[in-house]
Structures are given as structure tokens and as C-alpha cells.
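Q: just coords:
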Ligand SMILES: Cc1cc2nc3c(=O)[nH]c(=O)nc-3n(C[C@H](O)[C@H](O)[C@H](O)COP(=O)(O)O)c2cc1C
């Protein structure tokens, strides 16, 4: 644990230096993220923690979402596909997680800059308008095959996105044969809550399309399906989608994504995000995340909750509201080592009641 303390401090120190460099010279937080990822890969950082997650089993904090078995309620949310980052988070004690949303064809996403570090009430947050860049589903599958992902025993989610129902269907059709053959505990997350593309949230208002997509997927596989909904949606809309989920086997909701804000709303100059707006992530989202969990608890689904989670107390609150597991993004960027602390605290909270 003492060694870990220094690793954590070292990580925070490097982040602070890169953060300053960004503030004074780079003005594009994506460069900072890429630099961190390059260091992680070059120095094989995840391998330092390879045997570390073995401690998870002994903590007795397992959770399930239908047939999926998570050794911890903490999962990484769909926001990254840098495989060494995913390895680090799993090795540090995430019970599983979902890989960043993939579309059918290769996409460059929005022009840069499209990610910035911001302060809300003096606390660090992120705003991004990446716009779902990615290699397209077939190249993505090849990359997954070459990665550590097929060796993992924990649940691994594959998030799908698209411009239209037909594109979501194409992505699912391309992914399903591969993931059901090669991944031990695969699940699919349907991302209908991306605020950074013109059609990223349009399925929210088109429940017939969501239903058609579930039916297409169900013809191919019985694996767990998760519909990832937006905190910007109305409670009524969220309930309509949750009700649809209850009409199928093994379909649930991931309640929470980024909240759409303009650059000027968050104290940036308009051009600091190329499209003038983006999705805010980080601590200020938590109140809405808890609110959504409470609104959706009536449906008795094994919910996933995502948005603004930074500590074990918040996770306990969500679990007490009927949530099965939580997703985390910004906190993993800020301090991935905090997963170890949160798991230990959850062990104490969940086993001494
Ligand atoms: C850089 C970045 C990229 C993201 N990309 C995706 C994505 O591809 N698909 C998705 O469903 N959510 C995406 N998200 C949203 C996160 O999965 C998560 O729902 C959101 O950040 C709120 O959680 P947090 O407050 O713990 O960060 C992204 C978030 C960030 C910060």
C-alpha cells in the first residue's frame, strides 16, 4: 500500500504538470490525454498492477446485472478505447466496463480542439465534443482481438452508436458474432445519449426505433443489453424507455451520460471547443445521477448509474436506491488509484451492516 501511495502521488504530479502545460501552451486537453496514454504504453504501466486485482474477490463486493458477474460495483464507463488504459483500470479493481462507442464506418469525429479541462465550483471537470471518432466496427474488432480484452473474465461491454436505426443495426450485426464467440461475459450498450453528434440523442424520442433495434439484436443473441440514456432527458421519457426495457429479457438501463453545455456556459471561449458546445462530465453530474436512479427504481431493473461519481459514499447511496453497478469516467482520468480505496471502503460499508 505504501508503494501505491507514491504511484498515486506520482500520477497526480504528472497530471498537474501536463495540466499546466495545457493551460499555458497547448490549449487542447486531448493532447494531454494522448501524452499520458503514450507514457502508459511505453512504460507498460498496467503490468505493474497485474496481480493486484486478485484482492477484489476477497472483498466480497460482487454485484450482478442479470447473468453478468462483476467482482466490484465499479466499472469504467464507455469513454475510452485505449486498451492499456482499460487494462490499468481493470488491474486496479474495476469489476468490468464498457469500451467507447463504436460506429459502423471510420469517423474522424469533430475538429479539434474538442476536449478541455474546466473548473465548476472550483472542482475539476471535463467537457468534450469528440463526436464519436473511431476506426469503424470491423477494424475495431481486429484491434480487440489483438488486445488483452479476450483474456478477461469480467463483463466487458461494447457500446454501439449510429446516425440511424439502420447503422445501429449494422454495428450490432457485425459485432455480435465476434463478441459472443470470443469474450467471456460480453454485453452490448446502446448509446442513445451522445450529445456531440447531430443524431446522437435522437433515439430518445423515437422509442419505436429502440424497440426495433432490441428486436434485431434479440434475433441474434440473448446477451445482456443496456440502453444508455441521457441526464438531459425528462423523467417521463426515461420512464418510457425503462418500461420498454422491462418488456424484454435481460435488457436494462445505464442512467447517465454527459450533460450538454455551451462553451460560454462553462467559462470557456467559444472556439475552445470547435463546435462551441460539448458534454460536461464530472462531480456536478452526481445529483442528477442519483435523481435518475430514484426515478427508475420503480422498474426493478438491475440499473447501471453513471455520472459524477467520485467516492464510495456516493456508490453506497446508489446501491441503496436499487442500482446494481456504477460507471465512472472522469474520476478514472483524475485518479485511477482511487478505485482501490473505494473498493476497500465498499467492503467495509457492504459487509458491516
Ligand atoms: C472524453 C470522453 C469521451 C466519452 N465518450 C463516450 C462514448 O463514446 N460513449 C458513451 O456512451 N459515453 C461517452 N462518454 C460519457 C461517459 O461514458 C460518462 O457517461 C460521462 O463522462 C459521465 O460520467 P463521469 O461524470 O464519471 O465522467 C465520454 C466521456 C468523456 C469524458
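A: Here it is on my side, so go on. Model, not experiment: these values are computed from the prediction.
Q: contacting residues around the residue nearest the centre of the chain?
A: By CA atoms, centre = their mean, the chain has its centre lying nearest to residue 77, at 1.3 Å. Shown in contact with residue 77 (CB atoms under 8 Å, 6 or more residues apart in numbering): 97-98, 306, 327-329. All C-beta atoms are positioned from the backbone trio N, CA, C, and that covers glycine.
Q: Of these, which belong to strands?
A: 97-98, 306, 327-328 (DSSP state E).
Q: Looking at those, spot the one nearest residue 32.
A: residue 328 (19.2 Å; CB to CB).
Q: Excluding chain neighbours, what is closest to the closest one?
A: residue 309 (5.2 Å; CB to CB, 6 or more residues apart in numbering).
Q: Can you tell me the element that neighbour falls in?
A: Under DSSP states H and E, no helix or strand contains residue 309.
Q: my read: it touches residue 329, true?
A: No - look at residue 309 against residue 329 with CB atoms under 8 Å: they stay out of range, at 9.1 Å.
Q: Report the entries of the contacts of residue 77 that also contact the ligand.
A: 306, 328-329 (CB under 6 Å from any ligand atom).
Q: now, which of those residues sits nearest the ligand?
A: Closest approach between the ones next to the ligand among the contacts of residue 77 and the ligand, by CB to the nearest ligand atom: residue 329, at 3.2 Å.
Q: Surely the closest one touches residue 74?
A: No - contact criterion CB under 8 Å: residue 329 and residue 74 do not qualify, at 11.7 Å.
Q: between these two, which one's more packed in?
A: Neighbour count, other CB atoms under 10 Å: between residue 329 and residue 74, residue 74 has more, with 30 against 26.
Q: and the more buried one, backbone torsions?
A: The phi/psi pair for residue 74 (degrees, to the nearest 10) reads phi -90, psi 120.
Q: How about the contacts made by residue 331?
A: 282, 309-310, 338.
Q: where's the residue in the stretch 101-250 of the chain positioned nearest to the ligand, which helix or strand?
A: Sorted by distance to the ligand under CB to the nearest ligand atom, the residues of the stretch 101-250 of the chain start with residue 101, at 3.5 Å. Residue 101 belongs to strand 97-102 when assigned by DSSP H and E.
Q: burial of residue 201, as a residue count?
A: Applying other CB under 10 Å, we find 20 residues neighbouring residue 201.
Q: typo on my end, it should be residue 350
A: 18.
Q: out of everything not next to it in sequence, what's closest to it?
A: residue 61 (5.6 Å).
Q: Please look at that neighbour and residue 342 and confirm they touch.
A: No - using CB under 8 Å, residue 61 is not in contact with residue 342, being 9.7 Å away.
Q: Going along the chain, name the helices of the protein.
A: Per DSSP state H, the chain carries helices over the ranges 2-21, 29-42, 55-59, 83-91, 137-146, 165-182, 207-220, 235-246, 286-296, 312-320, 330-334, 338-351.
Q: could I get these as CSV with distance to residue 278 and mean pLDDT?
A: Below are the helices of the chain laid out as CSV (distance: least, CB to CB, whole Å; pLDDT from 0 to 100):
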stretch, distance to residue 278, mean pLDDT
helix 2-21, 18, 83
helix 29-42, 11, 93
helix 55-59, 34, 91
helix 83-91, 20, 97
helix 137-146, 23, 98
helix 165-182, 22, 97
helix 207-220, 25, 97
helix 235-246, 22, 98
helix 286-296, 17, 98
helix 312-320, 24, 98
helix 330-334, 13, 97
helix 338-351, 24, 95
